[in-house]
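Novice: Quick one, structure for this:
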Amino acid sequence: MDDLETRELRYFIAVAEELHFGRAASRRAIAQPALSKAIKRLEARLGVPLFVRSSRSVELTHAGEVLLDHGRHALNALSVAVRRAKWVGTDEHLRLVLKPGGDANLLSGILAAYSRHPDARRVDILFSGATDRIDYLHDGRADVALLYVPFDDTSGLAYKTLLVEDRVAVLPADHRLAGHTCVRWEDLDGETFPHWRGMPGVGTGPEVADVAQLFPLVAIGRLIAVLPRSLVSPVAPGVVLVPVEDAEASQIVIARSDRDERRTVATFIAAAATVAQRPDASYAS
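Specialist: Below is the predicted model of the structure:
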């Protein structure tokens, strides 16, 4: 960053996000005049205006919008690089992130297999929300993750499949389809599906954050869901599971960033593969 110091970039991003020099100065713990001078010096060095200022407002120029977009990525990449450098230089623990209940009972076997390796480290278990496990990998908060494919976006990740399972309709016990041995998607037309927190535009029913919230709503007939079998087993009272025969199979995978070539991460993934039900599974990216 010959033309831009990290400190200046943080100042710029604060102003760009707040669109107010006073709030940005407070956020970065700097006097407002000093912040204004820093931004002016930055604009002079780059040779382009980054903001359109008036007595009433502050707006980004097109150049400012471009710098904001790429600047955020640059700071994130720098933060990840620092964390990983510290990780390599210390005896820091390996960090595995997963959804609560999202391991299909594989976790204990994976940890046991990994512990038998001579270079094994302590594994810290992190629990995420319904949709943000991938963020943990991309921003360096976690080293490996248990994900569900095709539901989780695996762009920029390398992964190994541990389990392939069917998807089931989660229905009230008195539902019209509850006694069927299987159903098809067309049989579920017109049903109310949940709105999963963190997934805008998906589902028109009540918002739910996890399966624990889902089961009571299904039992009283407010909605149904179609989910990987492991996420809803064991089933709650008042609820039945019926296979959806034309639903795409679900895969539980162990994933890492495709830029992370550390030996201990590869060792952990190899250990996970030894307890997988798909021993022929291979890396994908």
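
Novice: where do the strands sit along the stretch 101-250 of the chain?
Specialist: 123-127, 144-149, 157-165, 167-172, 195-196, 207-208, 225-228, 239-243, 250-257 (DSSP state E, counting those that start in this stretch).

Novice: any idea of the mean pLDDT for the fifth one?
Specialist: Read it as strand 195-196. In this model, strand 195-196 has a mean pLDDT of 85.

Novice: before we move on, back to that, out of the strands of the stretch 101-250 of the chain, which comes closest to residue 75?
Specialist: strand 250-257 (17.3 Å; C-beta to C-beta). All C-beta atoms are positioned from the backbone trio N, CA, C, and that covers glycine.

Novice: got a list of contacts for that closest one?
Specialist: Under the criterion C-beta atoms under 8 Å, 6 or more residues apart in numbering, residues 102-104, 106, 110, 137-138, 143-151, 154, 156-167, 228-230, 265, 268-269, 272-273 lie in contact with strand 250-257.

Novice: immediately after it, which helix or strand?
Specialist: Per DSSP states H and E, the first helix or strand lying C-terminal to strand 250-257 is helix 263-274.

Novice: what's that next one packed up against?
Specialist: strand 94-98, helix 107-115, strand 144-149, strand 157-165, strand 250-257 (3 or more C-beta pairs under 8 Å, 6 or more residues apart in numbering; DSSP states H and E).

Novice: where in the stretch 51-200 of the chain is pLDDT low?
Specialist: Scanning the stretch 51-200 of the chain for pLDDT under 70 picks out 80-92, 130, 200.

Novice: again, only this time at 80
Specialist: 76-92, 129-132, 197-200 (pLDDT under 80).

Novice: re the thing from before, a markdown table for the strands of the stretch 101-250 of the chain, including distance to residue 21?
Specialist: Below are those laid out as a markdown table (distance: least, C-beta to C-beta, whole Å):
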| stretch | distance to residue 21 |
| --- | --- |
| strand 123-127 | 37 |
| strand 144-149 | 40 |
| strand 157-165 | 39 |
| strand 167-172 | 52 |
| strand 195-196 | 39 |
| strand 207-208 | 38 |
| strand 225-228 | 48 |
| strand 239-243 | 55 |
| strand 250-257 | 37 |
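
Novice: Output those strands as JSON lines; include the columns distance to residue 17 and mean neighbour count.
Specialist: Shown next, in JSON lines, are those (distance: least, C-beta to C-beta, whole Å; neighbours: other C-beta atoms under 10 Å):
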{"stretch": "strand 123-127", "distance to residue 17": "27", "mean neighbour count": "13"}
{"stretch": "strand 144-149", "distance to residue 17": "28", "mean neighbour count": "23"}
{"stretch": "strand 157-165", "distance to residue 17": "28", "mean neighbour count": "20"}
{"stretch": "strand 167-172", "distance to residue 17": "40", "mean neighbour count": "24"}
{"stretch": "strand 195-196", "distance to residue 17": "28", "mean neighbour count": "19"}
{"stretch": "strand 207-208", "distance to residue 17": "27", "mean neighbour count": "17"}
{"stretch": "strand 225-228", "distance to residue 17": "37", "mean neighbour count": "22"}
{"stretch": "strand 239-243", "distance to residue 17": "44", "mean neighbour count": "19"}
{"stretch": "strand 250-257", "distance to residue 17": "26", "mean neighbour count": "24"}
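
Novice: Which of the ones you listed sits closest to residue 64?
Specialist: Closest among these, using C-beta to C-beta: strand 250-257, at 29.8 Å.

Novice: Give the rounded mean pLDDT of the closest one.
Specialist: 93.

Novice: about what we covered before: could you name the stretch from the strands of the stretch 101-250 of the chain that's closest to residue 95?
Specialist: Once the strands of the stretch 101-250 of the chain are compared by C-beta to C-beta, strand 123-127 is nearest, at 4.9 Å.

Novice: Within its sheet, name the partner strands of that closest one and how each one runs.
Specialist: If you go by DSSP bridges, strand 123-127 pairs up with strand 94-98 (parallel).

Novice: quick one on the thing from earlier: quick one, which of the helices and strands packed on helix 263-274 gets closest to residue 236.
Specialist: Closest among the helices and strands packed on helix 263-274, once you apply C-beta to C-beta, is strand 157-165, at 18.7 Å.

Novice: Extract the CA atoms of the closest one and return them as PDB.
Specialist: C-alpha atoms of strand 157-165 as PDB (Å, rounded to 0.1, in the frame of the first residue of the first chain):
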ATOM      1  CA  LEU A 157     -13.500 -23.500   0.000                       C
ATOM      2  CA  ALA A 158     -12.000 -27.000  -0.300                       C
ATOM      3  CA  TYR A 159     -14.100 -29.700   1.300                       C
ATOM      4  CA  LYS A 160     -14.400 -33.500   1.800                       C
ATOM      5  CA  THR A 161     -17.800 -35.200   2.000                       C
ATOM      6  CA  LEU A 162     -18.300 -37.100   5.200                       C
ATOM      7  CA  LEU A 163     -22.000 -38.200   4.900                       C
ATOM      8  CA  VAL A 164     -24.600 -38.300   2.200                       C
ATOM      9  CA  GLU A 165     -28.200 -38.500   3.500                       C
END
